[in-house]
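Enquirer: Predicted model follows, preceded by the sequence.
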Amino acid sequence: MSLMSLTAVALGKKIKAGEVSVTEAVQAALDAAAAKEEKVNGFVTVDGERALERAEKVQEGIRKGVYDSPLAGVPVAVKDNMCTRGLLTTCSSKILGNFVPTYTAEAVANLERAGAVVMGKTNMDEFAMGSTTETSAYGATRNPWNGEHVPGGSSGGSCAAVAAEECSYALGSDTGGSIRQPSSFCGVTGLKPTYGTVSRYGLIAYGSSLDQIGPVAKDVTDCATILEAIASHDAKDSTSVERKDYDFAAALSEDVRGMKIGIPRDYLGEGLDGEVRDSIMAAAKVLEEKGALVEEFDLSLVEYAIPAYYVIACAEASSNLARFDGVKYGYRTTDYEGLHNMYKKSRSEGFGPEAKRRIMLGSFVLSSGYYDAYYLKALRTKALIKQAFDKAFSQYDLILGPAAPTTAPRLGESLSDPIKMYLGDIYTVSVNLAGLPGISLPCGLDSKGLPIGLQLIGDCFQEKKIIRAAYAFEQTREYQHSPLA
Amino acid sequence: MRQYETVIGLEVHVELATKTKIFCGCSTEFGGEPNSHTCPVCTGMPGSLPVLNKQVVEYAIAVGLATNCTITQNCKFDRKNYFYPDNPQNYQISQLYLPICRDGGIEIALENGEKKTIGIHEIHMEEDAGKLIHDEWGENSMVDFNRSGVPLIEIVSEPDMRSGEEVVAYLDKLRMIIQYLGASDCKLQEGSMRADVNLSVREVGAEEFGTRTEMKNLNSFKAIQRAIEAERERQIDLIESGEKVVQETRRWDDNKEYSYAMRSKEDAQDYRYFPEPDLVPVVISDQWLQEIRDRQPELRAEKLERYKSEFKIPDYDAGIITAHKKLADIFEETTAICHLPKKVSNWLMGETMRLLKEHEMEAEELSFSPENLAKLILLVEDRAINNSVAKEVFEKIFGENADPERYVEEHGLKTVADDGALRATIEKIVSENPQSVEDYRNGKKKAIGFLVGQTMKATQGKADPGMVNQILAELLQ
Amino acid sequence: MANIISDETIEYVGILAKLELDGQEKEQAKKDMGEMLDYIDQLNELDTSGVEPMSHVFPVNNVFREDEVTNGDGRDATLENAPERKEDAFVVPKTI
């Protein structure tokens, strides 16, 4: 049995106890990746040499007592939209195909301060724009449960790598569901923290007001432990929030007695796959049996979240991605006449179709004459959605629902109809609009043998409630390893 | 012939005197190798994020208060999107929807003695762009981001000015206020103060404004006046010949005294402003506002009154000295050392002004130290040198900040104060010029002037004229 | 389809976004953008009068830096990824 079948915390314990060396752990991850990448394509970059060198330093640090985190020495895979000094960071785009950052994202730096070993960078939808990891310039990632299916996205590489056990855990980012939806499709656990909890410094922005970094792992204990390591108040990120409750692992208890959990009726209607519905309702029942009070309620406005999200995210993206112009870094076209032709050709050749689609839409909704009708309208809708959640959380501790309406679709099925693909985000995007924390954890398999994810949503800064309920639910079942594990 | 009125509004960019850039800890110092004052934030590296420099907000508020603006107590930043290589993110962080100051105005004095208030529409904070260096013969331009992210305020006036004279008076006043606040050095030549001119013409008596153009690249007061004159003529010519003025941005070439339109198919001028998601709102409490108000340095009017009462210098002197912050600073510092305010004032209003004019310099460019001026004044006061020597020495102070004591010593310019030696010299002159002595004694008192002149000549100008007169008077008794 | 995207609009957005689409891409973009805008137009069903547009979810404000120099010479890092450089500057096609 590979060391990669252990949870991150379990492996960390063995390393701490001296039963396993850091080099052995890292080598196990590298071996697994070498064996499975052909089938998974979860990574854009695996840097074994760098990881093994780092492993020795961490081992030394553990011996000296510099690193005493539960994650010290445990190999991690980082989504390729987080800057890593000296390590290629592409956002799965051709336009950053040769970009080697000169600094490290704060979340990754926090992990490294805890003694983590970054083994490589995971595949994603180009600039996190997509729900399938098929828009990557470096090939689609495949679902470890069934290679004919997508892993979800945009953190599909991170979730597939964890499910395929090519790493102990991974970091993802979530702008409209990009951690929770692929976690659901890959049968792993992914947590999107409250906006501002994890520094965005060094995260290559897609939708700045929505982006959050979070953990992807085998279980809730890992997620809580990783969140504790990556969360910080960072003076380099003006939207970073100072919190007093960074001890997320302290919430790992089975107790959900008296917790009030609401299920939005709006989440259970048209579009939701029957098997997914049954599985979610069964999970709710489990929590009820453990002492939670579960009831259905009307959240409202659910159908407006996606259009509002696409206006806001694309508008921000059109501006955030303007910096990729062939002047300072990244791809520059070889053949051009004059400045503007250089800009246009570099960008048109460097960005893929989905990125272009969203940049065009975002530029349009901000352009003269449309700003009020589209952008301000979306921001007003966002305010109403936030109010709807505020009302819900005045009654419930948590909201429970599916992470996605279906299990993982087949490769190639989604991209032909963008709006249909966007509709897959219906249960996740409103959480980003309102800045809320949410988790997706496995709650069963459908008849095709594909994982189903249970989503728990908390009010702002209520990660601990999420962790408690998710942990309680998780105690009732065994972790199911993917066939590729 | 129809009579036309010129309507002018200004957009003035002022670089603030902070130590660091607006959104990162890079130095704002001038010079330095290209791209040496840069970091991921001010070069638009992927993943970098801005954090606002508090001092920028405080300077902007100070300028707003001094120009009678209302401070927006809940203000925000917006992104202005456009592609240009000096703009590393291809958006500029600026303020459109909620600028920090609004609805102010300053009073200007015109040459005919009239006073007029020029309205200030708004003041907003923003970041400066980098610098493009053009390779004259090659096909490339070079980009240096050292200036990228240097904090600016943009002061947007109402279209209240009607002539080049009013524009210059407004800019002068604005510059004086900002310099007094210490918020910027406001040097037009170095670009720390830049003005874009919005100009339209209309027939006298018309209520509607004409179509305006925006003129950029104006690097001196003279260029501004020339550009205004030329643009006024250009617009009137268009109207007279039945053509229309096109709303556009034009670039002034001061060498050719001509402007040309900066039009380009690739330049849509649609900036797609939206709230900057990476920065949080700036909330300015009453208390914070009061603290800034309390710290506000003395401005010109207060200084002028104080100079009259504390230093007992005439209204006229105080007016000239306080017209430039730099002169006022030199005045106060020099007076603090030598305690002779009227003498200091005389040097500033007389020789200093004369030399500034002679060298076509601005008062801001004065570089001598108050210590040296004070030493000079004390040398004269102690009669160690006479006035004509003092003027010569002052030119050295003005030009190269020479130490007057050392200069006088090295060049042997000390007044021949030795009574005996001087007396001997004068006795000799008296004996050599019996005609003049006789004339004097016969009542031609002017004859003494010749003898004084001869004495000064003999002493190479170093004799103290007072003492020469005194000794002569004795000898001729 | 309620939103018909014209060639001019795609051209104009291309100038704003600095993207140049070939014939087929252009047709696809017109179709996609039209459909997306139709979809987004359902927001008009929602009465948002009197609702303040919300850009930040939390009432966090006044996050500042002190005016102290913290960065040294950043030249090497800044230029490390430059597609084209000359000495210590980035090179771009002539801008005037």
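Expert: Noted; the coordinates are in hand.

Enquirer: just checking, what packs against the helix or strand hosting B:Ile321?
Expert: Secondary structure assignment for B:Ile321, by DSSP states H and E: helix B:315-322. Here helix B:315-322 touches helix B:300-310, helix B:325-338, helix B:341-347, going by 3 or more C-beta pairs under 8 Å, 6 or more residues apart in numbering or on different chains; DSSP states H and E. Placement of C-beta: from N, CA and C, glycine included.

Enquirer: Strands of the chain, residue ranges please.
Expert: Answering for chain A, as no chain was given. A:43-46, A:75-79, A:117-122, A:169-174, A:189-192, A:212-217, A:260-264, A:293-297, A:398-402, A:438-445, A:451-458 (DSSP state E).

Enquirer: my question was about chain C
Expert: Under DSSP E, chain C gives strands at C:64-65, C:85-86, C:89-93.

Enquirer: gap between the second one and the chain center?
Expert: Put simply, strand C:85-86 sits 27 Å off its chain's centre (C-alpha atoms, centre = their mean, to the nearest Å).

Enquirer: Walk me through which strands it pairs with, and which way each runs.
Expert: Strand C:85-86 pairs in its sheet with strand C:89-93 (antiparallel), by DSSP bridges.

Enquirer: quick one: contacts of the strand it pairs with?
Expert: In this structure, residues lying in contact with strand C:89-93 by C-beta atoms under 8 Å, 6 or more residues apart in numbering or on different chains are A:327-328, A:336-339, A:341-342, B:34-35, B:85, B:132-133, B:139-144, C:79, C:82, C:84-85.

Enquirer: Could you rerun that using 6 Å?
Expert: Strand C:89-93 has contacts (C-beta atoms under 6 Å, 6 or more residues apart in numbering or on different chains) with A:327, A:338-339, A:342, B:34, B:85, B:140-144, C:82, C:84-85.

Enquirer: What's the mean pLDDT across stretch A:52-60?
Expert: Averaged across stretch A:52-60, pLDDT comes to 98.

Enquirer: And it, what's buried?
Expert: The neighbour-count check on stretch A:52-60 (16 or more other C-beta atoms under 10 Å in any protein chain shown) flags A:Leu52, A:Arg54, A:Ala55, A:Val58, A:Gln59 as buried.

Enquirer: now the last one: how far from A:Tyr67?
Expert: Read that as A:Gln59. 9 Å (C-beta to C-beta, to the nearest Å).

Enquirer: pLDDT score for whatever residue of the stretch 351-477 of chain B ends up closest to chain A?
Expert: Nearest residue of the stretch 351-477 of chain B to chain A, counting by C-beta to the nearest C-beta: B:Glu364, 35.4 Å away. For B:Glu364, the pLDDT comes out at 83.

Enquirer: confidence score at the nearest residue to it once chain neighbours are set aside?
Expert: Nearest residue to B:Glu364, sequence neighbours excluded (C-beta to C-beta, 6 or more residues apart in numbering or on different chains): B:Lys326, at 5.2 Å. We have a pLDDT of 90 for B:Lys326.

Enquirer: check contacts around B:Lys326.
Expert: B:Ala363, B:Glu364, B:Leu366.

Enquirer: ok, residues contacting the one helix or strand in chain A whose mean pLDDT sits lowest?
Expert: The weakest-scoring helix or strand in chain A, judged by mean pLDDT, DSSP states H and E, is helix A:418-423 (a mean of 84). Residues outside helix A:418-423 that contact it (C-beta under 6 Å, 6+ apart) are A:Ser131, A:Ile306, A:Ser414, C:Tyr39.

Enquirer: Near chain A, which residues of the stretch 201-350 of chain B? Just list them.
Expert: Contacts of the stretch 201-350 of chain B with chain A, taken as C-beta under 6 Å from any C-beta of the partner chain, map to B:Glu266, B:Asp270, B:Arg272, B:Phe274, B:Pro277, B:Asp278, B:Leu279, B:Val280.

Enquirer: which residues touch the longest helix along chain C?
Expert: Secondary structure of chain C per DSSP state H: the longest helix is helix C:23-40. For helix C:23-40, the surrounding residues in contact (C-beta under 6 Å, 6+ apart) are A:Pro307, A:Val311, A:Arg357, A:Met360, A:Leu361, A:Ile419, C:Met1, C:Ala2, C:Asn3, C:Ile5, C:Ile10, C:Leu21.

Enquirer: And stretch A:104-121, by the same measure?
Expert: By C-beta under 6 Å, 6+ apart, stretch A:104-121 touches A:26, A:29, A:43-47, A:51, A:54-55, A:58, A:67, A:69, A:71-73, A:75-78, A:80, A:82-85, A:198-199, A:201-203, A:213, A:229-230, A:232, A:234.

Enquirer: what's the neighbour count on the residue of the stretch 351-477 of chain B closest to chain A?
Expert: Counted with other C-beta atoms under 10 Å in any protein chain shown, the neighbours of B:Glu364 add up to 17.

Enquirer: With A:Lys13 instead?
Expert: Neighbour tally, A:Lys13, other C-beta under 10 Å: 15.

Enquirer: For chain B, see how far away the nearest residue to it once chain neighbours are set aside is.
Expert: Counting by C-beta to C-beta, 6+ apart, A:Lys13 lies nearest to A:Pro70, which is 7.2 Å off, once chain neighbours are set aside. In this structure, A:Pro70 and chain B are 27 Å apart, going by C-beta to the nearest C-beta, to the nearest Å.

Enquirer: and what of C:Asp76?
Expert: 9 Å.

Enquirer: Count the neighbours of A:Pro483 for me.
Expert: A:Pro483 has 12 nearby residues by other C-beta under 10 Å.

Enquirer: What residue in the stretch 1-150 of chain A comes nearest to chain C?
Expert: Closest point on the stretch 1-150 of chain A to chain C, by C-beta to the nearest C-beta, is A:Thr102, at 3.9 Å.

Enquirer: ditto for chain B
Expert: For chain B, C-beta to the nearest C-beta, closest residue to chain C: B:Gly25, 3.2 Å.

Enquirer: what residues does the stretch 251-400 of chain A put near chain C?
Expert: So the stretch 251-400 of chain A meets chain C at A:304, A:307, A:311, A:326-327, A:329, A:332, A:338-339, A:342-344, A:347-348, A:356-357, A:359-361, A:363-364, A:376-377, A:379-383 (C-beta under 6 Å from any C-beta).

Enquirer: again, only using 7 Å
Expert: Residues of the stretch 251-400 of chain A that fall close to chain C, judged by C-beta under 7 Å from any C-beta of the partner chain: A:304, A:307-308, A:310-311, A:318, A:325-329, A:332, A:336, A:338-339, A:342-345, A:347-348, A:356-357, A:359-361, A:363-364, A:367, A:374, A:376-384, A:386.

Enquirer: Please check the residues you listed and keep the buried ones.
Expert: For these, buried by 16+ other C-beta under 10 Å: A:304, A:307-308, A:310-311, A:318, A:325-329, A:332, A:336, A:339, A:342-345, A:347-348, A:356-357, A:359-361, A:363-364, A:367, A:374, A:376-384, A:386.
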